[in-house]
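Visitor: Build me a structure from this.
(2 chains)
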Amino acid sequence: MQLFVNANYNFVKWRFHWIAFSILWVLIGLGFYLKNGINWGIDFAGGANITLKFRDKVPLDRLRADLADASIQQYGKPVDRAVLIRLPMQKKEGDYAGLTVAKLNRDLNPESATGKVDLNFHGRDPIADVIFTADPDRKGTNDAAKQYYLGVAENIISKRSDLGIFTSLDQAVSAPGVTPGIASVLRQKTFVGQFNVLNQETVGPQVGKELQGKAIWAVILSTLAMGVYLWLRFDVLFGAAAVVCIIHDVSVSIAFLGMINGEMSLNIVAALLLIVGFSINDTVVMYDRVRENKRKIKTRMTLEEQLNKAMNQTLSRTILTSGSVFIVLVALLLFGGKVIHEFAWILLIGVLAGTYSTVTIVPAVAIAWNNFTGRKRDIAGPASRPRAEEPVRAEATTPRKRKAV
Amino acid sequence: MNTNLLWKVALILAVLVIFTVAIIPTKNNPEPIRRGLDLKGGTHLVMRVNVGDAVRLETDQAMEQLKTQATKNTLPPPTTRRLNDATFVATPPSGVSPSVYDRIVADFKNEFEVNNTPDGAIQFKIKAASVSSIERDTISRAVETIRNRVDALGVTEPIIAPESGNRIVIDLPSIDDPARVKDIIKTTAQLQFRLVEGSPASDAQAALATVPPNMKNDVDIMPGTRENDLGQAIGTDYYAVRKVVPVTGTDLKNARVQKGRLGEPVIGFSMTADGARKFGDLTGANVGRQLAIVLDNKIQSAPRINSRIDDQGVIEGRFTQQQAADLALVLRSGSLPASLTTMEERTVGPSLGRDSIHQGVLASLIGFIALISAVLFYYKGAGINAVLALLLNLIIILGMMAFFKATLTLPGIAGIILTLGMAIDSNVLVFERIREELREGKTVRASIEQGFSRAFGTIIDTHMTTIISALFLFQFGTGPIKGFAVTLLIGLLASVFTAFFVSRVIFDIHYKAADRPTEISI
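Guide: Residues are numbered from 1 along each chain as shown, chains lettered A, B, ... in the order given. Below you'll find the model as predicted:
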């Protein structure tokens, strides 16, 4: 099967329409940001996130009454009985998630105060300790006994991890290794509390501010580094066009994040950084072609013609590569779970934007630059200058030539 | 097949075998690829060491020492007052010239800048060099103490590392009870034995009122729990305790949980030889008085000294079994030289970690299958070539991660399938090139040759740009994102190898095997 054999689309002709579309898209995103503000996640804004899974129905009203300044929303599907609690940033540093979880534990699990161990809240050590102290299986007080009971406690925790949460003591008692004696200790000295902590995060004000600065610099510097690399490998025009192209792709992705009111988090910045490096690939391939054609085709062509020709020649590769990355990203989006959902979305949009900008924005910038400088200069650099990639190519072909003899 | 090709095939097979072996779990190495905290569950903590505490302690000690020295040299002791963590002022009693202290003050000049103030007092300020050496020392002692505690908890493969800004980064994989672990890490555990002056009272003022007037400057007021005869808490009592601390937690040799009179858990301790001597002197000289056992500025209990005690004792204090065990653990592992403040915490519970790895692997498998189906559909025969290169690529990525002990994180899994998408790109570039050459009427041999060599520069460029951004990602990221950057980098290197070397060799073999075909399936 082959697609786009001898394709001959006039991309360049429509360049002003493309630019208008991109600007419109970014403006729409900007509109969303103006309306909703930037949804800084706790990574940058500071604050705390706590995700809890509940034994029974989520006691939303109770939680809201208990934690007045928190925003509380359902996490995942209702059957998951999970809730995401977001605490706003505090002025002082401190373990806010930890303190809040401890408070909820006191309020929702009054049994804890009686000294019983909460199987949903605690880990294997306290559970092992309770059984070890009672020693129902007559193992004594030596280290071997301790290890024996630790093993049982570990099985109980592992069972809990499989289930997500214990809904009854019977589930804990049915864990492997639980003897009738241990079971009766568990029934007396432990209970299954109302919730299990899926995750908790606290980012203090100082770390949040530092991460914000680091994120912004990382995006800016990587964009510039890309421009410099391509300037050295190709020429200054291309370096500049590449920087514009990257700014375009990143802006389009950020605009999309605004449209879905997504949270600006560390993962999103990671996605943006990847877009910086990856979305430029199509442009590199296309530009390489322009340069190669320059060398091969002796007839004089205008810049528009050169760009159009190269874009059509590489079109099938562009679509295929973007398509294959698209396939894996869609799989990630559909099956990768909630944690990386927005990450996958932003990558997807960024990859699409990268492909789109190669055939739209880059030629527009190149032509605009050319018209601005007012001379029909050779965009692939002067022909007399030795090309950076030639020695590499020579190296790659030499052994094969020898072999062919 | 000529020898050159044979060598290449041997090399590829060797790579395949080495990396496959690296990722097969064995008994000694059940988890060849290390999973990150987000996939395994665990806690990432950034703590700030409040080094000011240690500086203040140094200042406080100097204040006490100055007074002791004055008394020893039969001089009237000055009154001292701390201005901030690093500075204190000593004021001589009225009518006494500050110059009488010159001889003892000289001993402090190593560590302090000493100046006479206009109002006839002496100001001591710790030198900047001393402050920074105290800070360095505090951080390294804090790291050591935390490591002792984490080791005692049996956490496997923890990371405890100092960072700039007086911070310590702590990564604790697979812990299932973060609340307890954090408590244990953060407990300062400064244990002190101090004599009680006067008698306990229900508020701080009343407690101070029971102290003889000449002692009022030499005591601290501290809270403790009031108990009834059954050992139940019924309120707070305030005690005046002497500022001088004759015996501290550093004199402890061991601490463990014991059963008290009523079967309640208490902490039994024993003293080092040096500690036992100090403890014996203290208790022997003060029989009949109350001795306060102070833990982190709170009085745990204040038993009356019945007789001289040398090297054994118990700490009571309404502990649960678990609290007693944890307290014994922190006492054994030593006290922190300064308090810790949480700057950042990220904890993933074990069940969420398990969910994440299931979903990540599922998504990757589906993506991978969709990808190879698409390639096979589009390129047919040559597609097999690409798929083989892709599989080898996957094995190399996982194998390299096992070799370099790189950490696999959830974004890292995304990174792996993304690099596979990119690895396809290299193949696509080459294949499209070969197709073009064929269309131009070149022979199969020349087309393959040209396809590979023409695509080379382009492929290097596309990889370089992504490598640059992966480097920035590594620089920027923490934990999961660093993992993502590492997998990307490894994946990109593997992709260059498979696309050029492996894919080329497969083409060559096919070409030889088909005995110089005039057309190929691409």
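Visitor: pLDDT value on residue B:232, please?
Guide: Per-residue pLDDT puts residue B:232 at 69.
Visitor: now the helices: where do they sit in chain B?
Guide: Counting by DSSP state H, one finds helices in chain B at the ranges B:3-23, B:37-40, B:51-72, B:102-106, B:128-153, B:178-186, B:204-209, B:273-285, B:321-333, B:350-403, B:410-439, B:444-476, B:480-497, B:503-513.
Visitor: And the ones you listed: which comes nearest residue B:168?
Guide: helix B:128-153 (5.9 Å; Cβ to Cβ). For the C-beta atoms, the positions are set from N, CA and C on the backbone; glycine is no exception.
Visitor: quick one: the closest one to helix B:51-72, angle?
Guide: Comparing the axes of helix B:128-153 and helix B:51-72 via axes from the mean of the first three to the mean of the last three Cα atoms, to 10 degrees yields an angle of 110 degrees.
Visitor: Next, the buried residues of helix B:128-153.
Guide: Within helix B:128-153, the residues scored as buried using 16 or more other Cβ atoms under 10 Å in any protein chain shown are B:130-131, B:134-135, B:138-139, B:141-143, B:145-146, B:149-150, B:153.
Visitor: ditto for stretch A:342-362
Guide: Under 16+ other Cβ under 10 Å, the buried positions of stretch A:342-362 are A:342-362.
Visitor: What separation is there between the residue nearest the centre of chain A and residue A:25?
Guide: Centroid-nearest residue in chain A, with Cα atoms, centre = their mean: residue A:343, separated by 3.1 Å. Remark: distance between residue A:343 and residue A:25 (Cβ to Cβ, to the nearest Å) = 20 Å.
Visitor: Would stretch B:266-284 count as contacting chain A?
Guide: No: remark: stretch B:266-284 sits outside contact range of chain A, by Cβ under 8 Å from any Cβ of the partner chain, the gap being at least 14.3 Å.
Visitor: any idea how far the residue nearest to the spatial centre of chain B is from residue B:184?
Guide: Per Cα atoms, centre = their mean, the C-alpha nearest to the average position across chain B is that of residue B:170, at 1.4 Å. From residue B:170 across to residue B:184, the span is 12 Å (Cβ to Cβ).
Visitor: swap in residue A:8?
Guide: Taking Cβ to Cβ as the measure, residue A:8 falls 71 Å from residue B:184.
Visitor: Between these two, which has more neighbouring residues?
Guide: Each of residue A:8 and residue B:184 has its neighbours counted (other Cβ atoms under 10 Å in any protein chain shown); residue B:184 has more, 21 against 10.
Visitor: pLDDT value on that one, please?
Guide: Note on residue B:184: pLDDT of 89.
Visitor: and if you look at residue A:394?
Guide: On pLDDT, residue A:394 comes in at 39.
Visitor: Same check on residue A:360?
Guide: So, for residue A:360, pLDDT stands at 86.
Visitor: follow-up on the earlier one: name the nearest residue to the residue nearest to the centre of chain A, sequence neighbours excluded.
Guide: Once flanking residues are discounted, residue A:343 sits nearest to residue A:267: 4.3 Å by Cβ to Cβ, 6 or more residues apart in numbering or on different chains.
Visitor: I'd like to know how many residues surround the one you found.
Guide: Neighbourhood size, residue A:267 [other Cβ under 10 Å]: 26.
Visitor: List the contacts of stretch B:109-121.
Guide: B:58, B:62, B:89-92, B:97-98, B:105, B:108, B:122-127, B:130 (Cβ atoms under 8 Å, 6 or more residues apart in numbering or on different chains).
Visitor: tell me how far that stretch is from the chain's mean position?
Guide: How far stretch B:109-121 lies from its chain's middle: 40 Å, per Cα atoms, centre = their mean, to the nearest Å.
Visitor: now stretch A:282-298
Guide: Distance, stretch centre to chain centre, for stretch A:282-298: 34 Å (Cα atoms, centre = their mean).
Visitor: can you check stretch B:171-179 too?
Guide: Put simply, stretch B:171-179 sits 11 Å off its chain's centre (Cα atoms, centre = their mean).
Visitor: swap in stretch A:146-162?
Guide: Mean-position distance between stretch A:146-162 and its chain equals 33 Å (Cα atoms, centre = their mean).
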